[in-house]
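Chemist: Provide a 3D model corresponding to the input given below.
(one chain, ligands or ions: 1)
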Amino acid sequence: MPKKIVILGSGFSSLAAACYLAQAGHKVELYEKNNTLGGRARQLKRDGFTFDMGPSWYWMPDVFENFFNDFGKKASDYYTLEKLNPAYQVWFADEIVTIGDTLEKIAAEFERIEQGSSQKLQKFIDKAAVNYNIAINDIVNKPGLSPFELVTPETAIRVNQFFKTISDDVRRDFKNEKLVSILEFPVLFLGAKPSKTPAFYRFMNYADFGLGTWHPQGGMHEVIKGMIALAQSLGVEMHTNSAVSKIVVKNGVSQGVEINGSFRESDIVLSGADYHHTETLLDKTHRQYSEDYWKKRTFAPSSLLFYVGFDKKFEKVAHHNLFFDTDFDEHARTIYDQGVWPEEPLFYANFPSVSDSSMAPEGKENGFFLIPIAPGVEDTEALREQYFDIIMARLENLSGQNFTNHILFKESFCVNDFISEYNSYKGNAYGMANTLRQTAFLRPKLKSKKVKNLYFTGQLTVPGPGVPPSLISGKLTAQLINKNN
Ligand SMILES: Cc1cc2nc3c(=O)[nH]c(=O)nc-3n(C[C@H](O)[C@H](O)[C@H](O)COP(=O)(O)OP(=O)(O)OC[C@H]3O[C@@H](n4cnc5c(N)ncnc54)[C@H](O)[C@@H]3O)c2cc1C
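Modeler: Numbering: from 1, shown residues only. Below is the predicted model:
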């Protein structure tokens with residue numbers, strides 16, 4: 001029976017769920033609190049510059065392709081993809097390591113740094129490819145309802161990989177600290193320290209070195225635009241400036257939502273807004289998870305972000321640049337163990353205009369900078385400025401160029417903005433980490449245990465943080481709704 005379904009939020013997960021539910025014949029209305037769609041993947045446009053406000057790494061192109069294929073479409077119907085070469089650069093104190101667009105090129109770079117490492121790398125990536133196939137074709141497509149979902153013939157013989165960590169695995173094969181950092185980097189997308197992330201997630205290394213780093217021309221927001229066009233073609237109604245202030249429940253069944261003082265009735269409510277926030281829209285008796293529950297979870301980091309327009313092009317910088325010239329473990333400790341600002345932060349610098357001229361006016365450079373920080377840390381203008389100066393000094397010193405004198409404008413985004421813009425718990429940037437205790441059926445549930453016809457999707461649910469998992473999450477919730485109705 002077709003149902004009327006109200007969806008909160010317009011991030012990747014909400015848009016994906018909206019498309020699948022509309023395709024199944026339901027009447028879908030989507031409500032976003034902000035004035036533009038896309039959730040954390042919103043776009044900032046200023047003086048001819050285009051910035052992706054959140055995600056910028058397009059990994060796992062197969063997941064995006066599968067999404068559009070489910071609707072008889074291709075990603076290329078909506079945007080043009082380019083494989084980046086180099087995929088990215090890693091800046092250490094004494095050299096830049098270049099990650100090329102093929103495993104052969106990367107292996108040669110590894111061999112240059114540690115003799116004998118290229119062969120080990122090939123084996124490491126072969127194993128990662130096997131895990132990738134198990135994960136993407138099977139594990140991540142499970143709705144997280146029961147522990148038995150994880151038990152398959154393939155996982156049963158790899159059970160030790162859920163109890164060992166990525167760090168153990170990488171350090172067993174590679175001794176050079178630079179190579180260790182590079183191989184540990186991909187799991188940072190999953191939100192936890194490599195020493196807390198199960199070795200099974202090494203499939204992220206295949207996503208990195210095996211599948212490569214891609215760029216949609218015009219930026220990641222082009223994917224959102226494609227999904228909006230698809231949703232519109234399927235009849236989804238989308239509303240901005242529409243913060244849901246209450247989920248109305250009667251006799252344990254959701255009835256609809258309140259928005260800007262008026263009631264929108266629906267058979268089903270699905271929230272892609274942050275899980276903790278969504279539960280605060282319910283009376284306490286209808287919430288599944290206590291404040292204590294949330295306090296004890298490991299959240300992905302928050303971030304200090306800068307969007308900067310520069311009046312010239314720069315040498316040496318690539319599209320994606322990781323600044324790993326300070327102590328990786330020390331920075332991770334400040335995020336996960338101490339909850340304080342790092343003294344010498346690692347950071348990420350994205351110059352999309354290096355490979356995509358549409359992202360900045362001619363002869364100018366678009367710079368996006370990200371420092372991962374602990375969720376919930378104090379956020380003041382003075383602190384933001386202090387850290388901007390720190391990373392500019394490092395960038396200038398390592399690249400031998402002046403950046404500061406070429407700034408046309410700069411905008412920042414940090415903990416307070418994550419809270420006010422996205423209702424994010426403690427200002428986390430990308431949800432809850434994929435640690436062993438927060439994997440699969442151990443994550444917050446897609447279906448409320450307390451309120452009938454209330455569902456959840458997004459980076460705090462299964463399978464976890466990141467754009468590809470959010471797309472999959474939207475599909476999983478839509479499947480669950482279709483199955484139950
Ligand atoms: C800075 C940054 C960099 C990242 N980099 C990458 C990357 O390079 N690659 C990658 O794969 N992933 C990256 N991620 C992670 C990725 O962006 C997220 O995992 C994904 O976009 C989350 O999608 P979502 O649908 O779960 O939630 P969101 O995108 O957060 O969408 C939730 C939406 O709900 C809305 N909302 C909240 N409360 C209400 C309410 N009461 N009523 C109505 N609407 C409401 C919010 O405004 C928001 O639009 C990054 C994230 C950040 C923040």
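Chemist: From here on, just use CA atoms for contacts and neighbour counts.
Modeler: Fine.
Chemist: Spell out which residues of the stretch 351-485 of the chain are next to the ligand.
Modeler: Neighbours of the ligand within the stretch 351-485 of the chain, by Cα under 6 Å from any ligand atom: Glu421, Tyr422, Asn423, Ala429, Tyr430, Gly458, Gln459, Pro465, Gly466, Val467, Pro468, Ser470.
Chemist: right, and out of those, which lies closest to Gly210?
Modeler: Pro468 (16.1 Å; Cα to Cα).
Chemist: That closest one: neighbouring residues, count only.
Modeler: When neighbours are counted by other Cα atoms under 10 Å, Pro468 registers 21.
Chemist: Just give the closest residue to it, not the sequence neighbours.
Modeler: In space, and not counting its chain neighbours, Pro468 is closest to Val63: 6.0 Å by Cα to Cα, 6 or more residues apart in numbering.
Chemist: Make sure the one you found is actually in contact with Ser470.
Modeler: No - Val63 is beyond contact range of Ser470, at 10.3 Å (criterion: Cα atoms under 8 Å).
Chemist: Between those two, which has more neighbouring residues?
Modeler: Ser470 (27 against 16).
Chemist: returning to that earlier point: quick check, nearest of the residues of the stretch 351-485 of the chain next to the ligand to Arg112?
Modeler: Nearest to Arg112 among these, counting by Cα to Cα, is Gly466 at 31.9 Å.
Chemist: Measure how buried that closest one is and give me the count.
Modeler: Gly466 has 20 neighbours, counted by other Cα under 10 Å.
Chemist: now check the strand or helix carrying Leu21, is it near the ligand?
Modeler: Using DSSP states H and E, Leu21 sits in helix 12-23. Yes - contact of helix 12-23 with the ligand (Cα under 6 Å from any ligand atom) involves Phe12, Ser13, Ser14.
Chemist: Show me what that helix is packed against.
Modeler: Counting contacts by 3 or more Cα pairs under 8 Å, 6 or more residues apart in numbering; DSSP states H and E, helix 12-23 packs against strand 4-8, strand 27-31, helix 221-233, helix 467-484.
Chemist: Please point out which parts of the last one sit buried.
Modeler: Read that as helix 467-484. The neighbour-count check on helix 467-484 (16 or more other Cα atoms under 10 Å) flags 467-479, 481-482 as buried.
Chemist: care to break this structure down by domain?
Modeler: What automatic domain parsing lists as the domains of the chain is 4-79+218-296+435-484, 107-211, 298-422.
Chemist: Can you say which of the ones you listed is packed in most?
Modeler: Among these, domain 4-79+218-296+435-484 has the highest mean neighbour count (mean count of other Cα atoms under 10 Å), at a mean of 20.
Chemist: Span of it from start to end?
Modeler: For domain 4-79+218-296+435-484, the first and last residues are 14 Å from each other (Cα to Cα, to the nearest Å).
Chemist: Repeat that for stretch 26-35.
Modeler: Stretch 26-35 end-to-end distance (Cα to Cα) = 25 Å.
Chemist: How far off centre is that stretch?
Modeler: 21 Å (Cα atoms, centre = their mean, to the nearest Å).
Chemist: how about that stretch against the ligand, any contact?
Modeler: Yes - Stretch 26-35 comes into contact with the ligand (Cα under 6 Å from any ligand atom), by way of Tyr31, Glu32, Lys33, Asn34.
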